[in-house]
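>>> Pasting a predicted model and its sequence here:
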Amino acid sequence: MPLTMKKLAEVFTNKETGLTQGHRMCPGCGAPITVKIALMTAKALGYEPVIGFATGCMEVSSTIYPYTSWSVPYIHNAFENVAATMSGVETAYRALKKMGKLSSDKKYAFFAFGGDGGTYDIGLQSLSGAIERGHKFIYILYDNEGYMNTGNQRSGSTPPGAETTTAPVGKKIPGKMQLKKNIVEIVAGHEYVYAATATIGEPMDLTNKIEKALAFEGPSFIATLSPCVRYWRVPEDQTIDITKLAIQTKYWPLYEVERGVYRVTRKPSTFKPVSEFIKSQERFRLVLQRPDAEEIINEIQQYVDRRWERLLALEQATKDKPIR
């Protein structure tokens, strides 16, 4: 039976999610909200979470020595290898279970968490290897679209026009000029995998996808849009609204790919122009002052429109195909 918000609220109220109070994340940060929803879902379904966390904002802010905000088994590793670490943990679990050294009654959920720096770029190789080998784990990307832990450098996830310290907006260049890397399609290309997008602005959609990932016999990947209030330069009470606007403007479409079969999970009846999403954040302030600002916005609008039409076409093309 699918989880309900009531059931999740009961778990959240009566149990520790696994991430306790006292971490140093910024007020309004999307990352800890993403993590809590994931762990709360796992616990509501009877799983014990086991966590691997790549170096990044969330890791350094929740494990400042000698303190920790984690009350579940937790491993911190380097920027680039959280998927490799958790594939080893999952393999060790299967080996110990086979030898009778672990109870078969207990269910474990193996989560790997990473930001976009540790996923799109530095950790892509170990992520690809873990998925190709078929380890049963869930990789959750909290995507704040830059290397925020080290001061807002551009990443493969940074959108065009966003101001960063390594791709600044000036007279010569309009910030980052390349389109955002499509990480979900890269992961989906591994074939035997469950891949999806989600965001904290649609918590039940995120919960449903985590539930599906837990049941999936193989690797799963969920990319969640997780605003960084510090470097997106948005008010700390606007985090949820920003993610909802991302969906309403096609900037962050919600969909899933299960072994090559596509399904769009949210289809707004009307859409807003992507300019509303861009103008809601001060990180685009300087690019909006350039004489070619309208041209840049039009390019992004055309991109999100093409991607949306492509998703609908892929959904239509695969809807009658059996999941392999």
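That came through, no problem.
>>> Going by C-alpha atoms from here, please, whenever you check contacts or count neighbours.
OK.
>>> which other residues reach stretch 312-324?
Identification of contacts with stretch 312-324 by C-alpha atoms under 8 Å, 6 or more residues apart in numbering yields 258, 259, 260, 261, 262, 263, 264.
>>> Out of the residues you listed, list just those in strands.
The members of the contacts of stretch 312-324 that map onto strands under DSSP state E are 258, 261, 262, 263, 264.
>>> The first one: neighbouring residues, count only.
What that stands for is residue 258. Neighbour count for residue 258, taken as other C-alpha atoms under 10 Å: 20.
>>> Specify the beta-bridge partners of it.
residue 194, residue 261 (DSSP bridges).
>>> which regions of this protein sit below the pLDDT cut-off?
Applying pLDDT under 70 to the chain flags the ranges 1-5, 7-9, 11-15, 322-324.
>>> show me where it has helices.
Ranges of helices in the chain, per DSSP state H, are 5-14, 30-44, 57-62, 82-98, 124-133, 183-188, 203-215, 229-232, 239-248, 274-279, 285-288, 293-318.
>>> do you know which of the ones you listed lies nearest residue 146?
Across the helices of the chain, residue 146 has its closest neighbour in helix 229-232 (8.7 Å, C-alpha to C-alpha).
>>> returning to that earlier point: turn the helices of the chain into CSV, including mean neighbour count and distance to residue 113.
Below are those laid out as CSV (neighbours: other C-alpha atoms under 10 Å; distance: least, C-alpha to C-alpha, whole Å):
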stretch, mean neighbour count, distance to residue 113
helix 5-14, 14, 20
helix 30-44, 23, 8
helix 57-62, 20, 9
helix 82-98, 18, 7
helix 124-133, 18, 11
helix 183-188, 19, 15
helix 203-215, 20, 13
helix 229-232, 20, 19
helix 239-248, 20, 19
helix 274-279, 18, 26
helix 285-288, 20, 31
helix 293-318, 15, 26
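>>> Of all those, which one comes closest to residue 150?
helix 57-62 (8.4 Å).
>>> In CSV, list the C-alpha atoms belonging to that closest one.
Extracted in CSV, the C-alpha atoms of helix 57-62 (Å, rounded to 0.1, in the frame of the first residue of the first chain):
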residue,chain,number,x,y,z
CYS,A,57,27.8,21.1,2.3
MET,A,58,25.6,18.5,4.0
GLU,A,59,28.4,16.3,5.1
VAL,A,60,30.7,19.0,6.6
SER,A,61,27.8,20.7,8.3
SER,A,62,26.4,17.6,10.0
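>>> Please tell me how far residue 201 sits from residue 271.
16 Å (C-alpha to C-alpha, to the nearest Å).
>>> the more surrounded of these two?
A direct count of neighbours by other C-alpha under 10 Å for residue 201 and residue 271 places residue 201 higher, at 22 against 12.
>>> if I read this right, the more buried one contacts residue 241, doesn't it?
Yes - Residue 201 is within contact range of residue 241, at 6.9 Å (criterion: C-alpha atoms under 8 Å).
>>> follow-up on the earlier one: can you say which of the ones in strands among the contacts of stretch 312-324 are buried?
258, 261, 262, 263, 264 (16 or more other C-alpha atoms under 10 Å).
>>> Which single one of the residues you listed is nearest to residue 131?
residue 258 (13.4 Å).
>>> Quick check, that closest one in contact with residue 189.
No - with contact defined as C-alpha under 8 Å, residue 258 does not count as touching residue 189 (10.8 Å).
>>> got a list of what residue 175 touches?
Counting by C-alpha under 8 Å, 6+ apart, residue 175 has contacts 160, 161, 162, 163, 164, 167, 168, 169, 287.
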